[in-house]
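J.: coords please:
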Amino acid sequence: MIVRRINEVVDSDRDIKAENGNWVSRRLLLRDEALGFSLHDTTIFAGTETYIHYKNHLEVVYCVGGEGEIEDLESGEIHPLSDGTMYALNGHERHYLRARSDMRMVCVFNPALTGNEVHDQEGAYPLIDEE
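T.: Predicted structure coming up:
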């Protein structure tokens, strides 16, 4: 059994900050814990816009606080995000994530992240081969 509290992750090697300052991701579960997915508590900061294209991962996000929007660049649709909204990137959709206020998001990735990934120039996380 794994039990972990967010205050144990903050300011640890699992507390990953975007180089551009748009977000911080507290990585609660990672690949080495062998669950087949990773779990993150992520804050997207107010007034930011982040281009994302997870070519190598599927992601499900559940907003538990704040307000913003996600723009699906495949369809052109813009969906409002607020507490209680879930979205799933089941088709590797290219998208913009915009925060009107700080948004707190619970994120699940498959395959699981190793822990240090940040978005590359194409908005993706690299797919890291099994060791």
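J.: Only C-alpha atoms from now on, for both contacts and neighbour counts.
T.: Noted.
J.: Tell me where the model's unsure across the protein.
T.: Residue ranges of the chain with pLDDT under 70: 118-120, 123, 126-131.
J.: what helix or strand does the residue positioned nearest the centre of it sit in?
T.: For the chain, the residue nearest the mean C-alpha position is residue 107 (5.1 Å; CA atoms, centre = their mean). Element membership for residue 107 (DSSP states H and E) is strand 103-110.
J.: Now do the same contact list for residue 49.
T.: Taking CA atoms under 8 Å, 6 or more residues apart in numbering, we find residue 49 in contact with 22, 96-99.
J.: redo that, cut-off 7 Å
T.: Taking CA atoms under 7 Å, 6 or more residues apart in numbering, we find residue 49 in contact with 96-99.
J.: Over to residue 55?
T.: Residue 55 makes contacts with 92, 124, as judged by CA under 7 Å, 6+ apart.
J.: Which of the contacts of residue 49 fall in strands?
T.: 96-99 (DSSP state E).
J.: if we take those residues, which one ends up nearest to residue 40?
T.: Set against residue 40, the nearest of those by CA to CA is residue 97 (16.3 Å).
J.: which residues of the chain fall in strands?
T.: Secondary structure of the chain (DSSP E): strands at 15-17, 23-29, 38-44, 49-52, 58-65, 67-72, 78-82, 86-89, 95-99, 103-110.
J.: so can I have JSON lines of those strands showing distance to residue 6?
T.: Shown next, in JSON lines, are these (distance: least, CA to CA, whole Å):
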{"stretch": "strand 15-17", "distance to residue 6": "10"}
{"stretch": "strand 23-29", "distance to residue 6": "7"}
{"stretch": "strand 38-44", "distance to residue 6": "8"}
{"stretch": "strand 49-52", "distance to residue 6": "24"}
{"stretch": "strand 58-65", "distance to residue 6": "15"}
{"stretch": "strand 67-72", "distance to residue 6": "22"}
{"stretch": "strand 78-82", "distance to residue 6": "21"}
{"stretch": "strand 86-89", "distance to residue 6": "21"}
{"stretch": "strand 95-99", "distance to residue 6": "22"}
{"stretch": "strand 103-110", "distance to residue 6": "12"}
